[in-house]
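# I need the structure of the sequence given here:
(one chain, ligands or ions: 1)
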Amino acid sequence: MKNIAIFASGSGTNAENIIRYFSDSETIKVAVVLSNNRHVKVHERVNKLGVPSFVFTREEFVEGTPVINKLAEYQVDFIILAGFMNKIADPLLKAFPNKIINIHPALLPKHGGKGMFGMHVHEAVVAAGEKESGITIHYINENYDEGAPVFQAICPVLPEDTPEDVAAKVHALEYAHYPRVIEEVLNNVQ
Ligand code: GAR
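Next up, the predicted model:
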């Protein structure tokens, strides 16, 4: 059994979708959810599904040890970022080399980098007059949104689409693909 941790900062709809996808799996288990925010919906969502969640301060994330200890407690093999808005600090990167993946709600390398998260991304896509957007699943390295890509899926952006319309299309792609891609990645990891 491989244990995964999900890091999430907000509503947690992806976290919920991933937990549901693996709920009957005999090889992959979502063991724990970590967040930088106590006041977000992800806790209620995942606790209802029987998955524990914990909150860490910014200092604890940057220093790393409390987070790494919590991950060790749950024997975590791999980390999935699903709407996690903090940069992953060095100690965690070193403790999980090539074992952290993220989903970005646009087609990287476009519309990525610092400050590009959640609705900001969809607003930028509409403002740029893009004809398409989508999702990018990628490994995490020391720079925002620059780790090796694993998978992309595309959706059309129509001239009349609002950022909310684009968000809905991108969310649909996330729900359809992220759990399956996680499964594929984990099946290829020792
Ligand atoms: C998702 O669209 C995810 O791709 C995005 O935040 C949303 C979280 O939704 N992540 C980023 O912007 C990371 N840079 P959720 O909390 O309902 O899963």
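
# drop to CA atoms for contacts and neighbour counts, all remaining ones
Will do.

# which residues of the protein fall in helices?
With DSSP state H as the criterion, the chain has helices at 13-22, 42-48, 58-63, 65-73, 90-95, 119-127, 163-187.

# Tell me the residues of this structure that contact the ligand?
Within the chain, the positions lying close to the ligand (Cα under 6 Å from any ligand atom) are 10-15, 82-85, 103-105, 116-118, 171.

# Now which of these would you call buried?
Neighbour-count burial (16 or more other Cα atoms under 10 Å) applied to the residues of the chain next to the ligand gives 10-15, 82-85, 103-105, 116-118, 171.

# now the most centrally placed residue in the chain, nearest residue through space, not along the chain?
With distances taken as Cα atoms, centre = their mean, residue 82 lies nearest the centre of the chain, 2.1 Å away. The shortest distance from residue 82 to any non-neighbouring residue, by Cα to Cα, 6 or more residues apart in numbering, is to residue 8 (5.3 Å).

# residues in contact with that neighbour?
Residue 8 makes contact with 15, 33-36, 42, 81-85, according to Cα atoms under 8 Å, 6 or more residues apart in numbering.

# What does the residue nearest to residue 117 when sequence neighbours are not counted show for phi and psi?
Leaving aside its chain neighbours, residue 117 sits nearest to residue 85 (6.9 Å; criterion: Cα to Cα, 6+ apart). Phi and psi for residue 85, reported as degrees, to the nearest 10, are phi -100, psi 0.

# which residues does residue 85 contact?
Counted by Cα under 8 Å, 6+ apart, residue 85 has contacts 8-9, 117.

# And for residue 15?
6, 8, 42, 46, 82.

# hmm, which two among those residues are most spread apart?
The largest separation in these, counting by Cα to Cα, is between 46 and 82 at 12.8 Å.

# To what extent is the residue lying closest to residue 101 once chain neighbours are set aside buried, counted in neighbours?
Of all residues not flanking residue 101 in the chain, residue 139 sits nearest, at 4.3 Å (Cα to Cα, 6+ apart). Residue 139: 20 surrounding residues under other Cα atoms under 10 Å.

# any idea how far residue 139 is from residue 80?
10 Å (Cα to Cα, to the nearest Å).

# Show the pLDDT at residue 95.
Among the per-residue scores, residue 95 shows a pLDDT of 96.

# how close does it sit to residue 68?
Counting by Cα to Cα, the gap from residue 95 to residue 68 is 8 Å.
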